[in-house]
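*Asks:* sharing a model that was predicted from the sequence below.
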Amino acid sequence: MLNGKTAVITGASRGIGAAIARKLASKGADIAVVYSSDDNAAIAVSEEIKKDFSVNCRCYRCDVSDFDEAKKTVTAIKNDFGSIYILVNNAGITRDGLCAMMNSEDFGRVIDVNLVGAFNMIRHCCAGFIRQRGGRIINISSVSGIMGNAGQANYSASKAGLIGLTKAVARELAPRGITCNAIAPGFILTDMTKDMAEQAEQQEEIKSRIPLGNIGSVEDVALAAAFLVEASYITGEVLRVDGGLAM
Ligand code: NAP
């Protein structure tokens, strides 16, 4: 059980992040919901978590790609909760387009949020983890970072970068009993993918490429996150949650 432990989940105001927040709260963790713009969605997630699981839960508006804002947020969370034990870097965006036509702003922004954002949060949390000689870091990558995906050069690069970041950080922090792992989801139904999923033809095409034959749910990813929080002898691993898509 995770009673008395605090989990920071970025991008927890909806989708996969909200499901991970609920899952860890169901195991007793106190939750810091980090989000970038939608106050009402974050407050709704936090109120539900408090009501359903009787844990402490607070919201923090923060653009994780901003080094100083991330620092202020981590400091505020430590002041409010005392310490942090779990960091889930889940905040992510897409700005899809073919590489031949992609502008540098769209390439850079996706790298900044998805990869630099995770670095910023790890950077500001790790001193506390080292001091307490324990902690869990989970980075939400993607099968796009393993296989590459046409139309997603920026996103695939950011998610592949997260895998390298995960392994380097795992090696650096292992001597202090801190684990760092990545989850690589396949196709999961959320706001990020709903446009694709709404088109029946495209949905059938996607399903035909997935060995298990169906699109994943946010709970599938949350289950993997909870497993990696409890696993003390797994570090530097990339756990695919993709119905077999990238095997
Ligand atoms: P989503 O529904 O679009 O939610 C994205 C979340 O990230 C929101 O809470 C959003 O907050 C937050 N966010 C965006 N930019 C941010 C920033 N600069 N700073 C802090 N928070 C920010 O996404 P999702 O589908 O749940 O995806 C979650 C993660 O899983 C992402 O990293 C994504 O790449 C990865 N993933 C998803 C799939 C999939 O099929 N859905 C597959 C593989 C990997 P606001 O709403 O407040 O802006």
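*Replies:* It's in.
*Asks:* so where's the longest strand in this protein?
*Replies:* Looking across the chain with DSSP state E, the single longest strand is strand 178-185.
*Asks:* from residue 177, how far out is residue 151?
*Replies:* Using CB to CB, to the nearest Å, we find residue 151 at a distance of 41 Å from residue 177. (Each C-beta comes from the backbone N, C-alpha and C, glycine too.)
*Asks:* quick check: residues of the protein near the ligand?
*Replies:* 10-11, 13-17, 34-38, 41, 62-65, 90-93, 113, 117, 140, 142, 185, 187-188, 190-193 (CB under 6 Å from any ligand atom).
*Asks:* now the helices for this structure?
*Replies:* Along the chain, counting by DSSP state H, helices occupy 15-26, 39-53, 67-81, 104-111, 117-132, 144-147, 153-173, 194-198, 200-209, 218-230.
*Asks:* report the buried residues of the fifth one.
*Replies:* I take that to be helix 117-132. If you call a residue buried by 16 or more other CB atoms under 10 Å, then helix 117-132 has these buried ones: 117, 118, 119, 120, 121, 122, 124, 125, 126, 128, 129, 130.
*Asks:* ditto for the last one
*Replies:* For helix 218-230, the neighbour count (16+ other CB under 10 Å) marks 218, 220, 221, 222, 224, 225, 226, 228, 229 as buried.
*Asks:* next one: the third one
*Replies:* Of the residues in helix 67-81, those with enough neighbours to count as buried (16+ other CB under 10 Å) are 69, 70, 73, 74, 77, 78, 81.
*Asks:* how about the closest residue in space to the third one that isn't next to it in sequence, what does it touch?
*Replies:* By that I understand residue 73. Spatial nearest neighbour of residue 73, excluding adjacent residues (CB to CB, 6 or more residues apart in numbering): residue 62 at 4.1 Å. When contacts are counted by CB atoms under 8 Å, 6 or more residues apart in numbering, residue 62 is found next to 10, 34, 35, 36, 69, 70, 72, 73.
*Asks:* centre-most residue in the chain?
*Replies:* Nearest to the geometric centre of the chain sits residue 90, at 1.7 Å (CA atoms, centre = their mean).
*Asks:* for that one, phi and psi?
*Replies:* Backbone torsions for residue 90, taken as degrees, to the nearest 10, come to phi -110, psi -20.
*Asks:* pretty sure it contacts residue 7?
*Replies:* No - if you go by CB atoms under 8 Å, residue 90 and residue 7 don't touch, sitting 11.0 Å apart.
*Asks:* list the contacts for residue 146?
*Replies:* 159, 160, 163, 184, 238, 240, 246.
*Asks:* list the residues that contact residue 33.
*Replies:* 9, 12-13, 17-18, 21, 42, 45-46, 49, 57-60.
*Asks:* show me what it is bridged to.
*Replies:* With DSSP bridges applied, residue 33 shows beta-bridge pairing to residue 9, residue 59.
*Asks:* report the buried residues of the lowest-mean-pLDDT helix or strand in the chain.
*Replies:* The helix or strand of the chain with the lowest confidence, counting by mean pLDDT, DSSP states H and E, is helix 194-198 at a mean of 80. Neighbour-count burial for helix 194-198, counted by 16+ other CB under 10 Å, picks out residue 197.
*Asks:* for that helix, the distance to its chain's centre please.
*Replies:* 21 Å (CA atoms, centre = their mean, to the nearest Å).
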